[in-house]
Each structure stands twice: as C-alpha cells, then as structure tokens.
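[1] Got a sequence here, can you model it:
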Amino acid sequence: MKRRIYIDAPVFSTFPDFHLFCVIARNLPPAGDLDEEKKEEIKGDLEKANLEARQWITSDIISENEPVMVWRDAYKKFKTKKGARSSIEALLKRVAQDKPVSSITPLVDIYNAVSLTFAVPVGGEDLDKIQGSMGLCLTKGGDAFLPIGGSEENEPTLEGEICYLDDAGAVCRCMNWRDGQRTELTDGTKDAIFLIECTQKDLEGRSREAMEDLERRIEKYFGAKVYDFVLDASQPAVSIEPSSKEGDENIKPQFQGRCPLKF
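    Below you'll find the predicted structure:
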C-alpha cells in the first residue's frame, strides 16, 4: 500500500510561498559497512561546513543574522513551545559560540553539513518507522511525542502548532525544531527521507541547491538510490512506495493532488 507525503492546506494560509524540498534515499547500507576513509571524509565535510557557516554570521547578536531572522519571523506565525527555535538557529548558534557542530552518525553528519553550508534547515527521518502517511500540519494538539535527547515522558503537540504528523503522532515538532525518538535516523536506517523547509520565495534557489547537494553526498558516500521532489501550494502531495524492495530502482513519486486529510 502506497503512502503519502503531504502539506496540510492551513500551512499555505500561514505561508503562501511555502515549499518543501524532499529527498528519499533507498537501500542505504548500514553505517558500519562504510569504509573508514568514507567515514573520515564525512567528518571532514562537517568540519569544513562549520567553517563555511561563519559567512552567515554577520552579527554577534544571533537574532540579527539573516538565516535566523527568517525563522524567528516564521515561528511568530504559529504556536510554538516556549523557547523553541529553528534547527538552523541551533546550528549557527554553536558556530557563533565557537562550539562546532560535532559528529553524530554519518547520515546526520551529512545533512548537518548541508544545513550549515547553505544556512537552511535540513532534517531526516527513518522512512520505515513512519506510520502510514506523513503530513506537515497545523495541529489540533495532543499528538504523542517523545523528543530525541529528552525524557521518556510524552510531550504532546500544542493546538495551532505546525509539525509533521503520521498515524502514530508527531514526527517533528514546530516544523523543524525537535525530532522524535520514534522515527530518528540510526546507523541501521535502510530508507530515509530528508526535508528542507522554505517559507520565503527568495530562498527557494538556495533551498534547491541544498537539496541537490544533499543528494550528491548521499550518492557519493552511501551509493544509495535517491530521488527528489518538491511540494508547494500547486502540488501539495506525493505518493511513495512504503519501503525498499528489489527492482524498485526506477520508482519515482507519483503526484496525485491534495490527499484526504485525517488530522
């Protein structure tokens, strides 16, 4: 049974020019199977990206830097948990404080390097752990969520929050603030989806470049089958295969218009 990746209509009421740049990687080998040379290259790319990210920091006041201002403004337009900040702000803040973003796992290192290089939020989820379809939605609140690095207590979504939801609850809260434990990428992830949110038309070009660079890096280091697609107001949904299988190398997403919303 095919599933959908979609954007809920109210998101476009808040952000008319919203674009979601997506990359799906199939048949990823276990990170442990990567040779040491590739692992070191990935770490080197992340170190380089930490240095390149300094170009985006033009003010000692973190909120005055362009990539941060964009997302501070975006977060004012929907309900957020107190203190929630965009993922790109969190990364750039570390760079500004001379606390480079450190290595986590190869897949996460790759998308963090792309995020730092282009100063756009990039996130990733284990596609096989997503339950049913996944949508970026304006929530009614109460969706179950266990944050990465947090306690084991449920931290449900708020009413009016924009976050990714699947049939089991929240996948990532406040658009790109905090990922959940349930769908996080691991060294054993076989199929993954990577997401780059763009709220402003003048940043579409940079976001697309980031998407293409992410694909190149995944292909280079993992040798995985990758494809991309972009969702926006004119095309807010795409159907995808549920998981990897032999012979699916040529499968591409099939656009089918706005999907029925469950939430």
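[2] going forward, measure contacts between C-alpha atoms and count neighbours the same way
    Noted.
[3] For residue 238, list each beta-bridge partner.
    Beta-bridge partners of residue 238, counted by DSSP bridges, are residue 5.
[4] what's the spacing between residue 117 and residue 92?
    Per Cα to Cα, to the nearest Å, residue 117 is found 10 Å from residue 92.
[5] more neighbours, these two?
    residue 92 (26 against 22; other Cα atoms under 10 Å).
[6] so when I look at that one, I'm seeing a strand, right?
    No: under DSSP: H, G, I helix; E, B strand; the rest coil, residue 92 sits outside any strand and is assigned helix.
[7] Make sure it is actually in contact with residue 53.
    Yes: at 7.1 Å, residue 92 and residue 53 qualify as touching, with contact defined as Cα atoms under 8 Å.
[8] Can you work out which residues contact both of those two?
    Contact with both residue 92 and residue 53 is made by residues residue 116, according to Cα atoms under 8 Å, 6 or more residues apart in numbering.
[9] Now do the residue lying closest to residue 57 once chain neighbours are set aside: how many residues are near it, please.
    Closest residue to residue 57 apart from its sequence neighbours, by Cα to Cα, 6 or more residues apart in numbering: residue 65 at 5.8 Å. Residue 65 is flanked by 16 other residues according to other Cα under 10 Å.
[10] measure residue 65 to residue 177 for me?
    In terms of Cα to Cα, residue 65 sits 18 Å off from residue 177.
[11] And residue 10, by the same measure?
    19 Å.
[12] Looking at the two, which is more packed in?
    Comparing residue 10 with residue 177 by other Cα under 10 Å, the one with more neighbours is residue 177, at 20 against 14.
[13] measure that one to residue 226 for me?
    Taking Cα to Cα, one finds residue 177 at 25 Å from residue 226.
[14] cool, residue 149 as well?
    When residue 149 is compared with residue 226 (using Cα to Cα), they lie 29 Å apart.
[15] between these two, which one's more packed in?
    Applying other Cα under 10 Å to residue 149 and residue 226 shows that residue 226 carries more neighbours, namely 22 against 10.
[16] which other helices and strands contact the longest helix along the chain?
    Secondary structure of the chain per DSSP state H: the longest helix is helix 204-222. On a contact count with 3 or more Cα pairs under 8 Å, 6 or more residues apart in numbering; DSSP states H and E, helix 204-222 meets strand 19-26, helix 106-118, strand 192-198, strand 225-231.
[17] highest average neighbour count across those?
    Mean neighbour count (mean count of other Cα atoms under 10 Å) peaks for helix 106-118 among the helices and strands packed on helix 204-222, with a mean of 25.
[18] and it, how far from the chain's centre?
    11 Å (Cα atoms, centre = their mean, to the nearest Å).
[19] what lines up beside the helix or strand following that helix in the sheet?
    Counting by DSSP states H and E, the element after helix 106-118 in chain order, helix or strand, is strand 123-126. Using DSSP bridges, the strands paired with strand 123-126 are strand 192-198 (antiparallel).
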